[in-house]
Each structure stands twice: as C-alpha cells, then as structure tokens.
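Trainee: compute the structure for the input listed below.
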Amino acid sequence: MKALVYSAQRSGQRGFLAYLITFIFLLSLSSTYAQTIRYVQPIPMGSRDGSSWANATNDLQAAINSLPVTGGQVWIASGRYKPTTLTGPDSRTISFELKSGVAIYGGFTGNEANLSDRAVSRPSSTTLSGNIGDEASTADNSNYVLHSLNVDSTGVLDGLVITGGGGGLFAERSNYQINNCYFIANTVGMVSSVYPICYPCTPHKSTFRITNCVFQSNIVGVSTDAGQYCFNYFTVINSIFDNNGPGNYGSALSLARVSIDLINCTLRNNRSGSGGGNGGAIGVLEIGMPYSTINVLNCIFFGNRDPYDARFNNFYGGPSTFRYSLIDQTVYGVDSTDIVTTTSPFVSENSDQLTACAPAVDAGNPTSTATTVGAVDLAGNSRFVRRIDMGAYEYQGALCVLANGYMYSLQAGRWDDPATWSEGHVPTSTDRVLLKHAVTIPQNYLAYVLKLKFDISARLIYESGGRLSVDLLQR
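Mentor: Prediction:
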C-alpha cells in the first residue's frame, strides 16, 4: 500500500513538473513572437519614444533602429517624411536605412489599436519623400529614399508612397514583400542589385513579392542587375506600370539576370528614350548566363512605345511567355490564349479601369485562384466576380450587352462549348456574334449564326468537315 501511495505521489510530482515546464516554454514563446511596435507621426507626442500613439516619435529612422534583432513593426501615420532635414551635397547620401525583421506599415490615422483597423487607401496617405532640398528642383534630392542591405525575407513595406528619389528603393542582396505601395516620380522606382561580397563565392539572390503596387511617372519603374553567380526573383501581382520613361532600355521594367512572373498587371504608356527597339515596356539586356526568364499571365500591355515602336525587347535574354494577356502589338512568346487588339480596353486615358465591353473582361486564365493571384484587385474589390479579367483591375459590373444585341466569345475554345460564349449557350441561327478569340469549329460540325463580326485578334479555325452557316459576315 505504501508503495502504491509513493508511486502516485511521484507521478503527481512529475505531472506538475511537466505542466510547469510547458507553461514556462509557452510563456517564452509568447514573448518571443509578440512583436514590438513603434509609432510614428509628423508631430511628436508625449515622451516621443514611439511606444504608443500617445508617445509617438516623428523620427522614422530612430523608430526602425530601436527595434530588437528579433524584429518588429513600425506604424506610420498620415503625413510626409524625409530621410534628413539637412541640406547640402552630403545630405543626398542619407536614406531611410531598413533592417531585417522590420515590417513598415503606412496609412494610419493615429488611433488604431490593431493593424486590421487601418483603412488602406490607394495611394496611401503616408509619403516618404526624397525631396529634401529645393522643392522646385530634383538636383538636390536624395540619392535613394529607402536603402536595404542584406535584409531577409521578413522585410515588409506596406501602404507607402515613395517619391522624389534618384531611387525610391535601393535593395542590395535583400528580400522583401512590398504591398499597397506607390513609387511615383523617382528616377528609378525600385532597384534590386545582387553582387557578391567576394568573388568567386557562394551565390547570392534577391527575392521580391510585389502586390497591389503602382509604378508611375518614374524614368524607369523597376531595374534589376546582378553579378555572376547571382540572380533576382520577382513575382509581381495586381500592379500597374504607367507613364514611366524615357529609360534607355525598358521603362516599366529594365531587367538583367532575373526570373520574373507578371500576373494580372497593367503596363501602359511607358516609353523608352533614344535608340530604337529597346522596349517601351520591358527591356532585357545581359551578356552571359544565367539568362532572364519572363512569364506574363493575365496582363495588359497597351500604348507602350520606343522610337522604333517596340513594346518589348528581350535582347540576349532567356525565354518569355505571354498567356491570357491583351497586347496591342504581337511580341515574341504570344500564344492562342492572348488577345492582340488596337482597341483600348480602358475607361479613359486617365484610368486603367476596364470598360464593360473590353475584350479583357472575363478573359483571364480560367484556372486562376486566390492563392495564385490574390482575392482582391488593385482597388480592393473582389478579384473573382465571374471568370477572372486581364489587368490589375477587375470589372465589377454586369456582363457587356452590346447595343445591337451581340453575344461574344469569352475565351479561345470550341464553337460547340457553351463556356466559350458570353450568354452561356452555343450560338444559334438567330444570334448575332462578336468573335474576340480563336474559336474552333469541330470536325463535321455545322455552326449557325445570324451575323458574325470579328475583333482584330479573332479567327475561326475549321477542323475537317467543319462548316459555318452565316447570314452576314463583318470585319
């Protein structure tokens, strides 16, 4: 009996000890993963140590520097912030210096308790500006507004307008998630440079995921470069490159040694400078391997120019693919899922939103999911109203109904497949049809239509014995 009691006591002690150890471990985990937050607003408050909105600092760099090596967050209220208040030649070299583990969020009003309380506006109300000298001149602006060196994948920039720099962000051997940011009126919106610190040595790489961002009115939107054995990896989703230029070799994207995926992006009215055939939208120039690869999905290329009228130039670059994208001039890599048209899909010259009857509406890759493209578009609206659109904005209205009653093709496909057509049924002898894609009339199939019109990129493909009965054919 004594043995049994002793054993029970020993068992209880071991259970309590295990509980105590687990409690201490979980407590240490909570303190490890509870991130420190620093609060920044234009006018300092209270103790000015950035510990709360009531004690906010106006020194963004000090807020970044004060965070521990385990990382943390900086919340920035609406306003305009500059890397320095100094003037003179040396002041141009001063940037906001970023560090690993620090996530920087802008667009706060200054009373939020949780990150989810922040209302994300586009563009953000928080501006980081390199216009540190004469407001009327760019000659004395910061060389770079933001600078990072060896920042790991925990780096986050979210909800910022970055403007007025020789470079908006100069990232050296760094990895970032960049969301809801506008890079406006910089010489180069963003530069990614990957050069080894020794040669030869372990390869280096930079990885960026850019979502819901705008690169506008920069001389070059994004530029990449890398030394031998080094590479850049970019994924860009729901973003716009608009009115950038005149860069010397690609004004939206000037690329070297990069693997880049462009998904649901709009590249519009970008123009390169002197020389010809350099690519108004994208220029790829590199000598030596590894070559760049460019994959374009659900995108719009429209109105991009250089002196030779080239939209895209992959000079000494690797493979490029265009799928389910609208392009106003045929480029290398276009396939049957793409739409080539000179008719603008946009609401106006000043808006990148789609018109109701734009061929890009309901014309993206039908297998796209929220995992691959995100759940919302650049405006924060649902990305999946019906079948996904091409471009950064999803058309939210009803399906297009042309004034003269035309139904139209939604995708390249078979004539006898209801999914090919806007009305969800195969055209009959009483239907007026606008063909926007490559549509195949199957073998030994007789297709009927009252009237048929062709968009510039559309075509009919006849399999053996396939026929079309039409009252009036128009182009």
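Trainee: isn't there a helix covering residue 90?
Mentor: Yes: counting by DSSP: H, G, I helix; E, B strand; the rest coil, residue 90 is located in a helix.
Trainee: and it, how far from residue 132?
Mentor: 11 Å (C-beta to C-beta, to the nearest Å). Every residue, glycine included, has its C-beta placed from N, CA and C.
Trainee: same question for residue 321.
Mentor: 42 Å.
Trainee: with neighbour numbers in mind, choose between residue 90 and residue 132.
Mentor: Counting neighbours by other C-beta atoms under 10 Å for residue 90 and for residue 132 shows that residue 132 has the greater number, 22 against 9.
Trainee: using the three-state scheme, assign the more buried one.
Mentor: With three-state DSSP as the basis, residue 132 sits in coil.
Trainee: what sits against it?
Mentor: Shown in contact with residue 132 (C-beta atoms under 8 Å, 6 or more residues apart in numbering): 82-87, 91-92, 94, 140-142.
Trainee: from those, which two are the most distant?
Mentor: 85 and 141 (14.1 Å; C-beta to C-beta).
Trainee: and those two? Which one has more around it.
Mentor: Applying other C-beta under 10 Å to residue 85 and residue 141 shows that residue 141 carries more neighbours, namely 25 against 8.
Trainee: tell me the contacts of the more buried one?
Mentor: Taking C-beta under 8 Å, 6+ apart as the test, what residue 141 contacts is 92, 130-133, 164-166.
Trainee: try 7 Å this time
Mentor: Residue 141 is in contact with 130-133, 164-166, counting by C-beta atoms under 7 Å, 6 or more residues apart in numbering.
Trainee: adding distance to residue 217 and pLDDT, write those residues out as TSV.
Mentor: Shown next, in TSV, are the contacts of residue 141 (distance: C-beta to C-beta, whole Å; pLDDT from 0 to 100):
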residue	distance to residue 217	pLDDT
130	14	95
131	14	94
132	19	92
133	20	86
164	11	96
165	13	95
166	15	91
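Trainee: JSON lines for those residues, including distance to residue 241?
Mentor: Below are the contacts of residue 141 laid out as JSON lines (distance: C-beta to C-beta, whole Å):
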{"residue": "130", "distance to residue 241": "20"}
{"residue": "131", "distance to residue 241": "22"}
{"residue": "132", "distance to residue 241": "26"}
{"residue": "133", "distance to residue 241": "28"}
{"residue": "164", "distance to residue 241": "19"}
{"residue": "165", "distance to residue 241": "17"}
{"residue": "166", "distance to residue 241": "19"}
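Trainee: picking up where we left off before, list just the nearest of the contacts of residue 132 to residue 459.
Mentor: The nearest one, if we look at the contacts of residue 132 relative to residue 459 and count by C-beta to C-beta, is residue 141, at 50.6 Å.
Trainee: next up, phi/psi of residue 106, please.
Mentor: When read as degrees, to the nearest 10, the backbone of residue 106 gives phi -120, psi 180.
Trainee: quick check: it touching residue 122?
Mentor: No: the criterion here is C-beta atoms under 7 Å, and residue 106 misses it with residue 122 at 11.7 Å.
Trainee: looking at those two, which one has more neighbours?
Mentor: Set residue 106 next to residue 122 and count neighbours by other C-beta under 10 Å: residue 106 wins out with 30 against 16.
Trainee: for the chain, give me the ranges with low pLDDT.
Mentor: Within the chain, the segments meeting pLDDT under 70 span 1-34, 195-204, 227-229, 274-278, 287-290, 307-318, 330-333, 400-404, 471-475.
Trainee: how's it carved up into domains?
Mentor: 1-34, 35-373, 406-474 (automatic domain parsing).
Trainee: most tightly surrounded among those domains?
Mentor: Of all these, domain 35-373 carries the top mean neighbour count, a mean of 20, counting by mean count of other C-beta atoms under 10 Å.
Trainee: check contacts around the nearest residue to residue 239 once chain neighbours are set aside.
Mentor: Using C-beta to C-beta, 6 or more residues apart in numbering and skipping the chain neighbours, the partner closest in space to residue 239 is residue 213 (4.5 Å). Shown in contact with residue 213 (C-beta under 7 Å, 6+ apart): 178, 180-182, 239.
Trainee: the same query, at a cut-off of 8 Å, please.
Mentor: For residue 213, the contact set (C-beta under 8 Å, 6+ apart) comprises 178-183, 236, 239-240.
Trainee: now tabulate those residues in JSON lines and tack on distance to residue 77 and secondary structure.
Mentor: Converted to JSON lines, the contacts of residue 213 look like this (distance: C-beta to C-beta, whole Å; DSSP: H, G, I helix; E, B strand; the rest coil):
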{"residue": "178", "distance to residue 77": "20", "secondary structure": "strand"}
{"residue": "179", "distance to residue 77": "18", "secondary structure": "strand"}
{"residue": "180", "distance to residue 77": "16", "secondary structure": "coil"}
{"residue": "181", "distance to residue 77": "17", "secondary structure": "coil"}
{"residue": "182", "distance to residue 77": "17", "secondary structure": "strand"}
{"residue": "183", "distance to residue 77": "21", "secondary structure": "strand"}
{"residue": "236", "distance to residue 77": "28", "secondary structure": "strand"}
{"residue": "239", "distance to residue 77": "25", "secondary structure": "coil"}
{"residue": "240", "distance to residue 77": "26", "secondary structure": "strand"}
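Trainee: can you convert those into TSV and add a column each for distance to residue 336?
Mentor: Shown next, in TSV, are the contacts of residue 213 (distance: C-beta to C-beta, whole Å):
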residue	distance to residue 336
178	33
179	34
180	35
181	35
182	35
183	34
236	24
239	26
240	26
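Trainee: and residue 192, what element?
Mentor: Using DSSP states H and E, residue 192 sits in strand 188-194.
Trainee: surely residue 361 meets residue 396?
Mentor: No: using C-beta atoms under 8 Å, residue 361 is not in contact with residue 396; the gap is 10.3 Å.
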